[in-house]
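Visitor: Build me a model:
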Amino acid sequence: MFAVHCKDKPGQLQTRLDNRAAHLAYMTANLDKVVIGGPLQSDDRQTMIGSLLVLDFTDRAELEAFLAADPYAKAGLFESVTVWPYKKVFP
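Guide: Predicted coordinates for the structure are as follows:
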């Protein structure tokens, strides 16, 4: 498994909104790989500023290909994407 933190480029909320339906469809089509996922929000809890995902891949190259095919990534939404190996302990 891997934990993934995606930080949006500043001022790109419209890019996120324009690609949200395609992103959600992509994630839904791959639910067998998604442990948890959702948008990160600014302090106002209204504005999406990134994504946090835990994905069930054993191979880093396969994970990287999955992330690259995400409509958000294809649209150039992210300023940075950080990936860490992750071990689920709870619950």
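Visitor: so what pLDDT did Glu79 get?
Guide: Glu79 carries a pLDDT value of 98.
Visitor: what's the nearest residue to Leu67 if we skip its chain neighbours?
Guide: Among residues not flanking Leu67 along the chain, Ala73 sits closest, at 5.9 Å (C-beta to C-beta, 6 or more residues apart in numbering). For glycine as for every other residue, the C-beta is placed from the backbone atoms N, C-alpha and C.
Visitor: Okay, that neighbour and Val4: tell me how far apart.
Guide: 11 Å (C-beta to C-beta, to the nearest Å).
Visitor: For Trp84, which three-state class applies?
Guide: strand (DSSP: H, G, I helix; E, B strand; the rest coil).
Visitor: pretty sure it is touching Leu53, no?
Guide: No - applying C-beta atoms under 8 Å as the test, Trp84 and Leu53 come out as separate, 11.2 Å apart.
Visitor: Who has more neighbours out of these two?
Guide: Taking other C-beta atoms under 10 Å, Trp84 and Leu53 do not tie; Leu53 has more neighbours (23 against 9).
Visitor: Ramachandran angles for that one?
Guide: In terms of degrees, to the nearest 10, the main-chain angles of Leu53 are phi -130, psi 150.
Visitor: likewise Glu79?
Guide: Per degrees, to the nearest 10, the backbone of Glu79 is at phi -80, psi -40.
Visitor: tell me the contacts of it?
Guide: Glu79 makes contact with 7-10, according to C-beta atoms under 8 Å, 6 or more residues apart in numbering.
Visitor: so which helix or strand takes in Ala21?
Guide: Under the criterion of DSSP states H and E, Ala21 resides in helix 13-29.
Visitor: so how far is that helix off the chain centroid?
Guide: Centroid displacement of helix 13-29 relative to its chain, using C-alpha atoms, centre = their mean, to the nearest Å, is 10 Å.
Visitor: List the buried residues for that helix?
Guide: In terms of neighbour count (16 or more other C-beta atoms under 10 Å), helix 13-29 has its buried residues at 15-16, 19, 23, 26-27.
Visitor: go on, stretch 83-91?
Guide: Val83.
Visitor: what sits up against it?
Guide: Contacts for stretch 83-91 (C-beta under 8 Å, 6+ apart): 1-4, 35, 54, 60, 63-64, 67.
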